[in-house]
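> Make a model of this:
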Amino acid sequence: MADSKPTSPRPLYDCSKCPGYCCSYDAIVVTKRDLTRLAKHFGLDEETAKKRFTKVVDNEQVLRHQKDHVYGSMCMFFDTEKRRCTVYEARPGVCRAYPEWSRCGYYDFLKWERRQQGDDEFVPMSRS
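I've put the predicted structure just below:
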């Protein structure tokens, strides 16, 4: 009898159809291991990567942000035109683990809202 590895449930979401909601979180925490991965990806030493890509918020090292026309602010590594991560292979652990389950609540909401609007690319936005 062959050893069988437990398989994780198939994701019931498609990040390629999302405008990057999770990338708009204010605090995308970065660990030392994440900094090492990002530094290697860009051919930098860890201290340079830390200074260039992160800042401290509430005593946590987090990724810097950039302006975004959808959410106001996004992870600095997010391509705001193509709506994709530009460092996917080197992304932080917290990004690798998100959403932790086989479902993404935002994606479920987004699919529902797009059906209601009859628009496959609709993005709910806050009203000012």
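> switch to C-alpha atoms for all contacts and neighbour counts from now on
Will do.
> how close does the residue nearest to the spatial centre of the chain sit to residue 47?
The geometric centre of the chain, computed from its C-alpha atoms, lies nearest to residue 23 (CA atoms, centre = their mean), at 3.7 Å. Look at residue 23 and residue 47: by CA to CA, to the nearest Å, they are 23 Å apart.
> Equivalent analysis for residue 78, please.
From residue 78 over to residue 47 the distance is 22 Å, taken as CA to CA.
> Those two: which has the busier surroundings?
Applying other CA atoms under 10 Å to residue 78 and residue 47 shows that residue 78 carries more neighbours, namely 20 against 12.
> contacting residues around that one?
Contacts of residue 78 were listed using CA atoms under 8 Å, 6 or more residues apart in numbering, and they are 23, 84-86.
> Not counting sequence-adjacent ones, nearest residue to it?
residue 85 (4.6 Å; CA to CA, 6 or more residues apart in numbering).
> from memory the one you found sits against residue 92, does it?
No: judged on CA atoms under 8 Å, residue 85 makes no contact with residue 92 at a distance of 11.2 Å.
> Between these two, which has more neighbouring residues?
Shown here are residue 85 and residue 92; by other CA under 10 Å, residue 92 has more neighbours (22 against 18).
> contacting residues around the closest residue to the more buried one other than its chain neighbours?
Once flanking residues are discounted, residue 92 sits nearest to residue 34: 5.0 Å by CA to CA, 6+ apart. Shown in contact with residue 34 (CA under 8 Å, 6+ apart): 90-93.
> What's the PyMOL syntax to select whichever of these are buried?
In PyMOL syntax, the buried subset of the contacts of residue 34 is picked out as below (16 or more other CA atoms under 10 Å):
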select buried, resi 90+91+92
